[in-house]
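Q: show me how the following folds:
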Amino acid sequence: MRVALSLPADPRRAAASGAPQTGRPLMDRGGPAVVVGSRAGDGALPEPVAPRPDTLFGPRGACLGGPDGPLFVADTGHHRLLIWHRLPAADQAPADWVIGQKSFRHEGRNDRGEAGAATLNVPTGVAAENGVLAVADAWNHRVLVWRSYPADHNVPADVVLGQNDFAGTAANRGGRPGADTLNWCYGVALIDGRLVVADTGNRRVLVWREVPGENGQPADLVIGQDRFDGRDENAGRAPDAAGMRWPHAVCRLGARLAVADAGNNRVMVWNAPPDANGRPCDFVLGQSDAAGVDHNGGGYWPDARVLNMPYGLAALGDTLAVADTANSRLLGWPAADLAPGAAATRLTGQPDFAAKGDNRWLPATRDSLCWPYALTARGTAQGDLAVVADTGNNRVSIWRAAP
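A: Below you'll find the model as predicted:
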């Protein structure tokens, strides 16, 4: 027997900040077009997550390599990368290839052995563009780069960053941070030929101006810290427009660059890509100003202006879409509305901006969310698609953007 939990409405929510409490949908009202991993949601309890080609365990990254695929999913809890050679056409479609394990039925960090060019230990962020695939292999403190999309099981990566070679796994190579080290790197993006990495444990974002071709190649630029050897929270200062706490994802929207700074419960926005180390952002979303850090603006209930541990973001057409992870919702800001502390105007996952709760505090349904950690987007002939790592529901859902 299933028991539905219904929490009473709190009349204080609607007046939390004067921000609007309803908005247009960010994603198609009909729910996701395709769901892989756990069942699409019929109110049943979660299924076991034993490794198979059609199961996922806490996936924290996913993206499309082109309008029709391939689909890449970081199946984080199973320490593997799953690949569908085409965009799945049906729910629970099995993956075609696996990287990181002997077979679809195996699991374990680094395939229960030593690290190598085709092993993974808590893979998270995934980015794919123009044939290049990059994976943030977070607990090996490295990023793996394939110069062409893998099309078979356990294709080894071509390049490793953050380590001298594929055998290295120490945070910051066992020493202090530098331009060529990584520490709990959770996010990765490919932007205009650049490789951008959210080096979360070092509280910084690293930029390579070209996709590296050599192992251990140093980054060209750092933001979030004044220098490559810094790793203090908020660059050792009170929170401001330059420091970071837990950067997790990066995207470009038009000329702007955005970083999800989850630990400070905000999104940092630069009106143009930074061109110098430590460049402060132009404004933030989720807080009234760059000094604010409280989740949900210091309140319990959210509204359209606040965030609670936003881990993912993407450019969905001309809209900045943000995975507001701890509020289990997706928010959207059209580019024309982006401004300091602006309220979101689009919403998916909750009935209104004042609501929160994993799966709306009910058993999972097809269109509900439970701690969505990652969000990527891709334009297609049929319109813009969003790929959501619905981590707490052990699934990845592919949505069409709402008109």
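Q: buried stuff in stretch 125-143?
A: The neighbour-count check on stretch 125-143 (16 or more other C-beta atoms under 10 Å) flags 125-129, 132-143 as buried. C-beta here means a position set from N, CA and C on the backbone, and glycine is covered the same way.
Q: send the alpha carbons of that stretch over as CSV?
A: These are the backbone C-alpha positions of stretch 125-143, laid out as CSV (Å, rounded to 0.1, in the frame of the first residue of the first chain):
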residue,chain,number,x,y,z
GLY,A,125,29.7,16.4,-15.5
VAL,A,126,29.6,15.5,-19.2
ALA,A,127,30.0,17.7,-22.2
ALA,A,128,30.1,16.8,-25.9
GLU,A,129,30.5,19.0,-28.9
ASN,A,130,31.8,18.6,-32.5
GLY,A,131,33.0,15.1,-31.8
VAL,A,132,34.8,15.9,-28.6
LEU,A,133,33.7,14.3,-25.3
ALA,A,134,34.8,15.5,-21.9
VAL,A,135,33.9,13.8,-18.6
ALA,A,136,34.6,15.1,-15.1
ASP,A,137,35.9,12.0,-13.3
ALA,A,138,35.5,13.7,-9.9
TRP,A,139,36.9,11.3,-7.4
ASN,A,140,39.9,10.6,-9.5
HIS,A,141,40.4,14.4,-9.6
ARG,A,142,40.7,14.5,-13.3
VAL,A,143,38.9,15.2,-16.6
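Q: now, which of the buried residues of stretch 125-143 lie within strands?
A: Using DSSP state E, the members of the buried residues of stretch 125-143 that fall in strands are 125-129, 132-137, 142-143.
Q: residue 85 reaches residue 97, doesn't it?
A: Yes: at 7.4 Å, residue 85 counts as touching residue 97 under the criterion of C-beta atoms under 8 Å.
Q: more neighbours: the two, which one.
A: residue 97 (19 against 16; other C-beta atoms under 10 Å).
Q: that one contacts residue 73, doesn't it?
A: No: using C-beta under 8 Å, residue 97 is not in contact with residue 73, being 11.2 Å away.
Q: which neighbours do these two share?
A: Listed as contacting both residue 97 and residue 73 by C-beta atoms under 8 Å, 6 or more residues apart in numbering are 82, 83.
Q: what's the neighbour count on the closest residue to residue 345 other than its chain neighbours?
A: Distance criterion C-beta to C-beta, 6 or more residues apart in numbering; nearest residue to residue 345, sequence neighbours excluded, is residue 23 at 4.8 Å. Residues lying near residue 23 (other C-beta under 10 Å) number 18.
Q: what sits against residue 23?
A: Going by C-beta under 8 Å, 6+ apart, residue 23 touches 304, 344, 345, 346, 347, 353.
Q: identify the contacts common to residue 85 and residue 97.
A: Applying C-beta under 8 Å, 6+ apart, one finds that residue 85 and residue 97 are jointly contacted by residue 151.
Q: ok, so what distance separates the residue nearest to residue 345 from residue 341?
A: Separation of residue 23 from residue 341 (C-beta to C-beta, to the nearest Å): 16 Å.
Q: low-confidence ranges in the chain?
A: Applying pLDDT under 70 to the chain flags the ranges 1-20, 40-48.
Q: can you do 90?
A: 1-23, 39-49, 381-382 (pLDDT under 90).
Q: quick one: the helices in it?
A: In the chain, no helices are defined using DSSP state H.
Q: most centrally placed residue in it?
A: The residue lying closest to the centre of the chain (C-alpha atoms, centre = their mean) is residue 374, at 2.8 Å.
Q: residues touching the nearest residue to it once chain neighbours are set aside, list them.
A: Residue nearest to residue 374 in three dimensions, not counting chain neighbours: residue 389, with 3.8 Å by C-beta to C-beta, 6+ apart. Taking C-beta under 8 Å, 6+ apart, we find residue 389 in contact with 59, 60, 61, 62, 73, 74, 312, 372, 373, 374, 375, 396.
Q: the fifth one and residue 339, how far apart?
A: With the distance defined as C-beta to C-beta, residue 73 ends up 34 Å from residue 339.
Q: related to what we said a few turns ago, tell me the one of the ones in strands among the buried residues of stretch 125-143 nearest residue 365?
A: Nearest to residue 365 among those is residue 126, at 25.9 Å by C-beta to C-beta.
Q: quick one: contacts for that closest one?
A: Going by C-beta under 8 Å, 6+ apart, residue 126 touches 61-63, 72-74, 81, 133-136, 188, 374, 376.
Q: for residue 108, give me phi and psi.
A: Dihedral angles of residue 108 (phi, psi; degrees, to the nearest 10) stand at phi 130, psi 150.
Q: any idea how far it is from residue 72?
A: Distance from residue 108 to residue 72, by C-beta to C-beta: 20 Å.
Q: quick one: which of the two has more around it?
A: The neighbour count for residue 108 versus residue 72, taken as other C-beta under 10 Å, is higher for residue 72 (30 against 16).
Q: so in terms of bridging, what pairs with that one?
A: Residue 72 forms beta bridges with residue 63, residue 83, as assigned by DSSP bridges.
Q: can we start the residue count at 26 from this point?
A: All right, first residue 26 from here; so that's residue 97.
Q: isn't it up against residue 87?
A: Yes: judged on C-beta under 8 Å, residue 97 makes contact with residue 87 at a distance of 6.6 Å.
Q: hang on, residue 135 packs against residue 145?
A: Yes: in this structure, residue 135 is within contact of residue 145 by C-beta under 8 Å, at 7.0 Å.
Q: so who does residue 249 touch?
A: 228, 229, 230, 260, 267, 268, 269, 272, 284, 303.
Q: how about residue 85?
A: Residue 85 sits next to 99, 101, 148, 149, 150, 211, 398, 399, 414, 416 when contact means C-beta under 8 Å, 6+ apart.
Q: okay, and which of the residues you listed map to strands?
A: Within the contacts of residue 85, residues falling in strands by DSSP E are 99, 148, 149, 150, 398, 399, 414.
Q: now the two most distant members of these.
A: Largest separation among the ones in strands among the contacts of residue 85 by C-beta to C-beta: 148 and 398, giving 12.1 Å.
Q: how many residues are close by residue 49?
A: When neighbours are defined as other C-beta under 10 Å, residue 49 has 13 of them.
Q: one more: residue 337?
A: Neighbour tally, residue 337, other C-beta under 10 Å: 28.
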